Each structure stands twice: as structure tokens, then as C-alpha cells.
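S.K.: just need the structure, nothing else, for what follows:
(chains A and B)
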Number of protein chains: 2
Amino acid sequence: MADQTNAPRRLTRKGQETRKRILGVAADLILKQGVAGTQIDEVRRSAGVSGSQMTHYFDDKHTLVRDVIAWQAENTLESHRHPALGRLDTFEAWRSWAEMILERQTERGFRGGCEFGSLAGQLVECEPDLRPDLAAGYEQWRDLFREGLRLMRDRGDLLPTADPDMLANALLAALQGGLLLAQTLRRAEPLRDSLRAAVAHLETFAATPLSRED
Amino acid sequence: MADQTNAPRRLTRKGQETRKRILGVAADLILKQGVAGTQIDEVRRSAGVSGSQMTHYFDDKHTLVRDVIAWQAENTLESHRHPALGRLDTFEAWRSWAEMILERQTERGFRGGCEFGSLAGQLVECEPDLRPDLAAGYEQWRDLFREGLRLMRDRGDLLPTADPDMLANALLAALQGGLLLAQTLRRAEPLRDSLRAAVAHLETFAATPLSRED
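M.R.: Residues are numbered from 1 along each chain as shown, chains lettered A, B, ... in the order given. Below is the predicted model of the structure:
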């Protein structure tokens, strides 16, 4: 998304690569140091680009942060395009989703939390003009969940009373809250319990009783 | 908690009141502008105290932020001491809890999100020495939930297989994630759906089938 919507169209392929590299460096620094603690000059030095290159791609810190939001939103969607997850349209896929997130977070010692959610938590009140960008990121993510849940309902895996909107909201909120708690406590349990509860809630809408193979 | 643990013991009652007033002003500014966007001098001016008074109560911004964390943790616990919630040890109390949070957030247009969680989201990575304070706040909150759930299990309202630790984690994560999403989207649905799903999950552990009066 970042590249389609915000990148200047005139960039060469090499220019696009440089821009992406800067975005990656900025995203990493922001994850470790926070938005307020990350200065554009540090990003420039870490990315190994000159001041004029930096200005060529990003007018100022505000532009950079806005593009980091779009970049992390895209990365988040991309991380769901894993073969084991398919279209998130089976109970098994949702269980794999929960376990995969838990594994990833455990590997990194629960540091950094949610790449996207941490931006939302830092920016939503103090940078009002970035709130629509943050909201758009969450909406795309929620749409991805809802699409899989709709397929499950249309196929008859979920009861007709199952509401894909509500279930998608509950799953995304469980993920965001579980990540923040696990990040703060540096422990798996809050994330594990939160995700498993949300998936168990989804399973209560199964049209036919579930075995572990469903 | 703030007053017992961090406040200098020599403070007179008037001193304690001034200190609390400064903390309240700081907490409000931080909620609106973020930690990084709130300077100690602005807090001082908004609270109407002199520079020497400010230094008397808070050595520096770091001390002030640490005390705001403790203050918001205490406020959070306090907000659960509402007659309708009792000890959060009935299904009805949990349903009231969810609706009460939803009402409060709706009244304020979903601005500000979670007073405590927003501090966690902003500070957990970039202020490592404050992480234990944030973790302690979440643990007290989780303990409050767990205590009510334990009472429910010990009383036989919940099945013996119900795990108060896991349920407490899931309820707290649902709240934190739902608040962050509702705050970002300025909409009730994510919070409503998240809380209702978490309470519905709790209800699946009811020892006897529930009517709406339980």
C-alpha cells in the first residue's frame, strides 16, 4: 500500500528500493525507540543516505511517519498471506494463526509488541491528522479477517447467526490487547490466553460440533 | 497506590493535595498530548504552581511520569469499585462491567482510550526502566479480575475446568485491544464486540445454563 499510495510516481526502481530501505530502517528505530525518540537524522545515518537523498524521498519527519504507518499496515497484511493461514476461512486456519503469532512473539521475547498497534498507541491522540491513516490500517486488517469469516459463514461452517463483523472485531481486539499485555509483561500468557479465548469464541459459532481436525 | 508508595512521607495534607492536583493535571495533558508532547513546565503552568513547588514534589519529568503511571493504575482499580460491579464475581457483574465501559467511552467520543494502556503503549519500549511500573499496574488489574473469577469458581458458578488466570488475561486483553481500536476508529463497535465476546467466552464456563437474570 505504501508504495502505491504515497510514493512519488517518478521514482526509478533503484529509487523505490532506497525509499523502502529508509522506511524499513525508520520502522525498526521507531519500534525500539518510539516515534518521539526517533529523529530523522538518525534514520538518515542508519540508512546510510545523504541529507538531500532523504529530503528527496520524505519531506519531513511527519511524511516519514505517515509512510511508516502505511508500510507497517502493508507488512501486517502481508504477514497474513502465509500458506498455513490460507484465507483465514477455516477453524484450523484460525488456530494456526493464533499459534503462529504466539511463536513469533516468543522468539523475539515479546519486545516491540505489534508493529502497527504500537504506532496507533503512540500517535492516535497527539497527531490527529494521522488518525485516519491509522484507522485505515486497522480497517484493512479487520476486512481481511471479516472476509475469511464471511466465507466460513457462506459455506455453512459458521451458524447463520454468526456475525463476521463482530467476530472480526473481537479477534483483532484480542490480538491487539494480548500483544500489548505480553509486550509490557514480557510474558506469553496474556497473548496466549487472549488469542485462544477469541478462537474458542469463534468456535462456539461452528455449525457442526468441532473435532480437533476440523 | 501512588500516594503510599511514591509520595514523600513528610508531605502535609495540603502538600499531598497539591501533589495530587499536579498529578491529575499531568495525567490529563499526557492523555491528550502524549508523554513526549507534555513538558514539565506546561504541567507546572496548568497546575498553577511555582517552579520550586514543582521540584519539591517531582524531581524531574521522569519522576512525574512514573508517578502518573502509579496514579492511573490506582484510578483504574478505583473505577472498578462501583456498586454495580461488586467484586466482579457474578456473570451479571461482568456484563455490567462491559456495558459500563462502553458507556463511559461513548460519552467521551472514544478519545483518550485507556488511561493506563495508553501509557503502556507509549513507554514500554522507549523507557525500559518504567516497564516494571507498567507491568505492576497490569498485574494489579489482572489480579482484581482473577479474584472475582476465583470466587465464582469456588462458589461453583464456574466449572472446575475454568482457569481464573486465563480468563482474567483474556478479559483484560479484550478490554485493552477493544479500547485501542475504538480510540483509533472513534467508534463503539470494536470495543463493544470485543467485550461482549470476552464475556460470552466466560459464560461458556457457567456451571449451569445461564438465563439473562444470572
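
S.K.: all the helices of chain A, residue numbers only.
M.R.: A:2-5, A:13-33, A:40-47, A:51-57, A:61-79, A:91-107, A:115-123, A:131-155, A:164-185, A:189-203 (DSSP state H).

S.K.: and the fourth one, what other elements does it pack with?
M.R.: Just to be clear, that refers to helix A:51-57. helix A:13-33, helix A:40-47 (3 or more CB pairs under 8 Å, 6 or more residues apart in numbering or on different chains; DSSP states H and E). Every C-beta, even on glycine, is put in place using the N, C-alpha and C of the backbone.

S.K.: quick one: which of the ones you listed is nearest residue A:143?
M.R.: helix A:13-33 (22.3 Å; CB to CB).

S.K.: so what's residue A:188 up against?
M.R.: A:102, A:105, A:106, A:110, A:182 (CB atoms under 8 Å, 6 or more residues apart in numbering or on different chains).

S.K.: quick one: it from residue A:104, how far?
M.R.: The span separating residue A:188 from residue A:104 equals 11 Å under the rule CB to CB, to the nearest Å.

S.K.: try residue A:187
M.R.: Taking CB to CB, one finds residue A:187 at 15 Å from residue A:104.

S.K.: mind checking which of these two has more residues around it?
M.R.: The residue with more neighbours, out of residue A:187 and residue A:104, is residue A:187; 16 against 10, by other CB atoms under 10 Å in any protein chain shown.

S.K.: residues in contact with that one?
M.R.: residue A:110.

S.K.: dihedrals phi and psi, it?
M.R.: Here is the backbone geometry of residue A:187 (degrees, to the nearest 10): phi -140, psi 150.

S.K.: list the contacts of the spatially most central residue of chain A.
M.R.: The geometric centre of chain A, computed from its C-alpha atoms, lies nearest to residue A:76 (CA atoms, centre = their mean), at 3.4 Å. Applying CB under 8 Å, 6+ apart, we find residue A:76 in contact with A:115, A:116, A:137, A:141.

S.K.: now render these as CSV, adding pLDDT.
M.R.: Listed next are the contacts of residue A:76 as CSV, based on pLDDT from 0 to 100:
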residue, pLDDT
A:115, 94
A:116, 97
A:137, 98
A:141, 97
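
S.K.: out of these, which one sits closest to chain B?
M.R.: residue A:137 (8.6 Å; CB to the nearest CB).

S.K.: can you count the residues close to the closest one?
M.R.: 23.

S.K.: now it. Nearest residue, chain neighbours left out?
M.R.: residue A:73 (3.4 Å; CB to CB, 6 or more residues apart in numbering or on different chains).

S.K.: ok, now how distant is the one you found from residue A:143?
M.R.: Taken as CB to CB, the span from residue A:73 to residue A:143 is 12 Å.

S.K.: of these two, who's got more company?
M.R.: residue A:73 (23 against 12).

S.K.: pretty sure that one contacts residue A:142?
M.R.: No - checked against CB atoms under 8 Å, the pair residue A:73 and residue A:142 is beyond contact range at 11.6 Å.

S.K.: ok so, going back, so for residue A:161, which of the helices and strands packed on helix A:51-57 sits nearest?
M.R.: helix A:13-33 (39.8 Å).

S.K.: for the closest one, which positions count as buried?
M.R.: Residues of helix A:13-33 classed as buried by neighbour count (16 or more other CB atoms under 10 Å in any protein chain shown): A:18, A:19, A:22, A:23, A:25, A:26, A:27, A:28, A:29, A:30, A:31.

S.K.: tell me which two of those residues sit farthest apart.
M.R.: Pairwise over these, using CB to CB, the maximum falls at A:18 and A:31, 20.6 Å.

S.K.: residues contacting residue A:159?
M.R.: So residue A:159 contacts A:153, A:205, A:206, A:207 (CB under 8 Å, 6+ apart).

S.K.: again, only this time at 10 Å
M.R.: A:153, A:204, A:205, A:206, A:207, A:208 (CB atoms under 10 Å, 6 or more residues apart in numbering or on different chains).

S.K.: cool, residue A:103 as well?
M.R.: residue A:188.

S.K.: against chain B, how distant is it?
M.R.: Distance from residue A:103 to chain B, counting by CB to the nearest CB, to the nearest Å: 18 Å.

S.K.: since that was my last question, I'll sign off now.
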